[in-house]
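> Turn this into a model:
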Amino acid sequence: MKHSGMKEASMMEQSEQLDAAVVQALEQKPVVRVPEDFAVLVTMAAAAQPVAAVKARRRVPMGRTAAIVAMVVLVVVLFVVAPRAGTNYASWPFALEMLILVQMAGIAYGLMRLDREGL
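Okay, here's the model as predicted:
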């Protein structure tokens, strides 16, 4: 039993020494050495590299994209509603069809104005 207690004390002492060494190593500030001609070397290396060509991305305005998507949706709805309208001008499918056509005309007019103004 006595031998085991000495072994534990020795291990505790080694652990404490290791902790102290780790703490001391972490508390020391590293020495940073930068060569005097470092800036010159970096400048020369950067000048030696070719400049990469960057392709300009064409930006599509979100308003224009939303208008075109709305037109496509309206055309699909128009094709679904049109057969139900028939020749009865007092039916709701006919009224919906006319409303969709007016909306499409308004969106087309808005897109035309955007193109004319160069936006």
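> What segments of the protein are helices?
Secondary structure of the chain, counting by DSSP state H: helices at 2-27, 38-48, 62-85, 92-117.
> got the angle for the third one vs helix 92-117?
Yep, that's helix 62-85 we're talking about. 150 degrees (axes from the mean of the first three to the mean of the last three CA atoms, to 10 degrees).
> Kindly report the same for the first one.
Inter-element angle recorded for helix 2-27 and helix 92-117: 60 degrees (by the same axes, to 10 degrees).
> How far off centre is helix 2-27?
Relative to the chain's own centre, helix 2-27 is displaced by 51 Å; criterion: CA atoms, centre = their mean, to the nearest Å.
> helices or strands up against that helix?
The criterion is 3 or more CB pairs under 8 Å, 6 or more residues apart in numbering; DSSP states H and E, and there are no helices or strands that helix 2-27 contacts. In short, each C-beta sits where N, CA and C put it, glycine included.
> Same check on the shortest one?
Based on contacts counted as 3+ CB pairs under 8 Å, 6+ apart, there is no element that helix 38-48 packs against.
> Please convert the helices of the chain to CSV, extending it with mean pLDDT and distance to residue 56.
Listed next are the helices of the chain as CSV, based on pLDDT from 0 to 100; distance: least, CB to CB, whole Å:
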stretch, mean pLDDT, distance to residue 56
helix 2-27, 82, 50
helix 38-48, 87, 23
helix 62-85, 83, 18
helix 92-117, 84, 20
